[in-house]
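S.K.: No sequence on hand, only this structure:
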């Protein structure tokens, strides 16, 4: 008899425990104080979904890209080296002569970036190495056309000094590298309006 009562008590306790657990679970799921998991909103039609990694930042260029080592190997052929030098100086000085008189900050940054990359990518590796040393000593001047043209002539003469060549008169740089473009600058030159390029070493050591 006692054994039967004990069994009945255990069954009763099990039933009570079952209903208690069921009640707790049901009340917990309906509790308004429990925060619902966030639901991601679907993009509307026509919206684009992109991350910052998908869009490259073109406004900043790594200093390692601009000031790394020369990329090209040494150019052994002396004739090819001389021809390359003449063509490169022609391009370099003509570019400075065509640079705006009053450049925007973006214009100045573009020219500085070009000069740094020019020094890295120049097809004569040893020439590029010497030129990069000049850039470190005399940073590019890009605040105006006169500053850019004067700076380019100055560093050209520095190269001439190292190669034991004659110095170039920088006041004649505009006439010597006239591109023949036929714009208002050429008309000014024909009218006798020439710009004197003042080359002060102290100014050359400062950035534009």
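M.R.: Right, received. Where do you want to start? What you are looking at is a predicted structure, and each value in this text was computed from that prediction instead of being measured.
S.K.: just the helices in this protein please.
M.R.: Applying DSSP state H to the chain gives helices spanning 2-29, 63-67, 78-97, 105-121, 125-137, 145-162, 173-176, 184-190, 201-204.
S.K.: pLDDT averaged over the longest one, what's the number?
M.R.: Spelled out, that is helix 2-29. Taken as a whole, helix 2-29 carries a mean pLDDT of 51.
S.K.: same deal with the third one?
M.R.: Predicted confidence along helix 78-97 averages 94 (mean pLDDT).
S.K.: do the fourth one as well
M.R.: Helix 105-121 shows an average pLDDT of 94 in the prediction.
S.K.: again, but for the second one
M.R.: Mean per-residue pLDDT for helix 63-67: 73.
S.K.: Could you tell me which residues within it count as buried?
M.R.: In terms of neighbour count (16 or more other Cβ atoms under 10 Å), helix 63-67 has no buried residues at all. Every residue, glycine included, has its C-beta placed from N, CA and C.
S.K.: just checking, what packs against that helix?
M.R.: The criterion is 3 or more Cβ pairs under 8 Å, 6 or more residues apart in numbering; DSSP states H and E, and the helices and strands that helix 63-67 contacts are helix 105-121.
S.K.: For the closest residue to residue 157 other than its chain neighbours, report the pLDDT, please.
M.R.: Distance criterion Cβ to Cβ, 6 or more residues apart in numbering; nearest residue to residue 157, sequence neighbours excluded, is residue 167 at 5.1 Å. We have a pLDDT of 93 for residue 167.
S.K.: I'd guessed residue 167 sits against residue 161; true?
M.R.: Yes - here residue 167 reaches residue 161: they are 7.3 Å apart, a contact under Cβ atoms under 8 Å.
S.K.: what's near enough to touch the closest residue to residue 166 other than its chain neighbours?
M.R.: If you skip the residues right next to it in sequence, residue 166 has residue 160 as its closest partner in space, 6.7 Å away by Cβ to Cβ, 6+ apart. Contact partners of residue 160, counting by Cβ atoms under 8 Å, 6 or more residues apart in numbering, are 166-168.
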